[in-house]
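*Asks:* Sequence first, then the predicted structure:
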Amino acid sequence: MFSARVQADLAPNRLARAVERACAADRPILDLTESNPTRAGFDYPADLLAPLGDRGGLVYSPQPLGAPAARCAVAADYARRGLAVRPDRLVLTASTSEAYSLLFKVLCDPGDEVLVPRPSYPLFEHLTRLDAVTAVPYDLDYHGAWTVDLDSVERAFSGRTRAVLIVSPNNPTGSFVKQPELDRIAALGALRDAAVIVDEVFADYELVEGAARQGAQVLTRGDVLVFSLGGLSKSVGLPQVKLGWIAVGGPGAKVEHALARLEVACDTCLSVSTPAQLAAAALLERGAAIRRQIQSRVSTNYRHLMARAEATPSCQALRAEGGWYAVVHVPSLRSEEELVLGLLEEEGVLIHPGYFFDFPRESFLVLSLLVSEPVLRDGTARVFRHFDLMSAGLP
């Protein structure tokens, strides 16, 4: 009686069950997977959310694309990053996940396809399935740095392709899409009448100085319909406030058609809260203090990880450019699942296996750079020691 849009097997996986057992036994865990900034020990001002109490929130005056003042605030935040975005080309959403769902509804019929990067964000499988859209992968390759396999993008196109999804910087590889890559993808999209959707939620967080400036500028394109996604969740570390956005760019006529259809889709649910919109300008301004803390921590943790890996013969930390995550290539002495279970049970370290992010081969581990510096240092020391001993054949 249930829809196939929600997967039938809802049982927890082996790693989740192992974590439950460890917690039940009160065994300490060094969690290298933490992705929630509100649980990562940052100093949030006690009155940071005070703007949500604006008395204007007592009046309900729905506007499907978002309140003009809030859209102006988001446009100003793009300007902070050196990007000129007109407020009337912005659409407010409750989250980036909702932004994807709205775009799938506007661009796709059931059974249509969107191209998604591999490896990347594990939520794409669920987001596309819930909107009856098929996710078709294209590949990212690593040869000292991550690049888009452009031939795999072209091979992935079909008569039902409606959009190409790019995450820049990518989660978990940390790679920004480069201008030549975007040029080729945009040309394919224009030729096949497909849009380009670029998730830029991590764009504020550089791991290598200047990496963001070397990334492609999506919203300056005039040859293909493009959408840039962002939100408070990552830009100021406030996932609980539930405010995201879509910036629309490209040929004028297509932009207008897209905005008109997005307005209909948004008007159906009106999911963005009035208090969040009234508070947007203040939260974006005051939240900069949180952003600076996050930037400092992830860059410090990244530098430590790279230095520690350099001294570990058995492991390789892959070069990243931005975001909150890092990837470590480890010896394939057991399956990835067995490797992460061993790290949890023998070292007390929780880390993600690469297959969670659709890595096409083994063995990769994905860790969060958002965790506190002591946890990162202790956790990675245990991980690297573990693989050095395993490689040496020692217990």
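*Replies:* Nice, I can see it.

*Asks:* residues of stretch 225-245 that come out buried?
*Replies:* Buried positions in stretch 225-245, judged by neighbour count with 16 or more other C-beta atoms under 10 Å: 225-239, 241-245. (Each C-beta comes from the backbone N, C-alpha and C, glycine too.)

*Asks:* Stretch 55-63 too?
*Replies:* 57, 63.

*Asks:* first vs last residue of it, how far apart are they?
*Replies:* 18 Å (C-alpha to C-alpha, to the nearest Å).

*Asks:* coming back round to it: show only the entries of the buried residues of stretch 225-245 found in helices.
*Replies:* Taking DSSP state H as the definition of helices, the buried residues of stretch 225-245 contribute 232-235.

*Asks:* and of these, the nearest to residue 5?
*Replies:* When these are compared for distance to residue 5 (C-beta to C-beta), residue 233 wins out at 24.0 Å.

*Asks:* Now do the contacts for that closest one.
*Replies:* 95-96, 201, 239, 241, 244 (C-beta atoms under 8 Å, 6 or more residues apart in numbering).

*Asks:* list the helices and strands the longest helix along the chain packs on?
*Replies:* Determined from DSSP H, the single longest helix within the chain is helix 288-310. For helix 288-310, the packing partners by 3 or more C-beta pairs under 8 Å, 6 or more residues apart in numbering; DSSP states H and E come out as strand 316-317, strand 325-329, helix 373-391.

*Asks:* which of the contacts of residue 233 lies closest to residue 375?
*Replies:* residue 239 (19.9 Å).

*Asks:* And the closest one, how far from residue 333?
*Replies:* 36 Å (C-beta to C-beta, to the nearest Å).

*Asks:* Also residue 374?
*Replies:* 28 Å.

*Asks:* Give me the more crowded residue out of the two.
*Replies:* Set side by side, residue 374 and residue 333 show more neighbours around residue 333, with 14 against 10, by other C-beta atoms under 10 Å.

*Asks:* That one belongs to a helix, doesn't it?
*Replies:* No - Residue 333 is assigned coil when assessed by DSSP: H, G, I helix; E, B strand; the rest coil, not a helix.

*Asks:* Once you drop chain neighbours, what's closest to it?
*Replies:* residue 390 (5.3 Å; C-beta to C-beta, 6 or more residues apart in numbering).

*Asks:* Any idea how far the longest helix of the chain is from the middle of the chain?
*Replies:* 17 Å (C-alpha atoms, centre = their mean, to the nearest Å).

*Asks:* now swap in stretch 144-162 and tell me
*Replies:* 19 Å.

*Asks:* tell me the helices in the stretch 51-200 of the chain, going along the chain?
*Replies:* 68-80, 96-107, 124-130, 150-156, 179-192 (DSSP state H, counting those that start in this stretch).

*Asks:* Now do the third one, average pLDDT.
*Replies:* Spelled out, that is helix 124-130. The average pLDDT within helix 124-130 is 95.

*Asks:* Would you mark the buried spots in that helix?
*Replies:* Buried residues in helix 124-130 (16+ other C-beta under 10 Å): 124, 127-129.

*Asks:* For the longest strand seen in the chain, which outside residues touch it?
*Replies:* Looking across the chain with DSSP state E, the single longest strand is strand 134-142. The contact list for strand 134-142 (C-beta under 8 Å, 6+ apart) reads 111-120, 124-125, 128-129, 146-149, 152-153, 155-156, 158, 160-161, 164, 170, 173, 175, 318, 358, 360.

*Asks:* Who are the contact partners of the spatially most central residue of the chain?
*Replies:* When C-alpha atoms, centre = their mean is applied to the chain, the residue found nearest the centroid is residue 171 (5.0 Å). Counting by C-beta under 8 Å, 6+ apart, residue 171 makes contact with 120-121, 202, 323-325, 357.

*Asks:* out of the residues you listed, who has the most neighbours?
*Replies:* Most surrounded of the contacts of residue 171: other C-beta under 10 Å gives residue 323, at 30 neighbours.

*Asks:* Residue 208 is in contact with that one, correct?
*Replies:* No - Residue 323 sits out of contact with residue 208 when judged by C-beta atoms under 8 Å, with a separation of 11.0 Å.

*Asks:* okay but residue 327 is in contact with residue 173, surely?
*Replies:* Yes - look at residue 327 against residue 173 with C-beta under 8 Å: they come within range, at 6.2 Å.

*Asks:* Identify the contacts common to those two.
*Replies:* Common neighbours of residue 327 and residue 173, using C-beta under 8 Å, 6+ apart, are 318, 320.

*Asks:* Great, nothing more from me.
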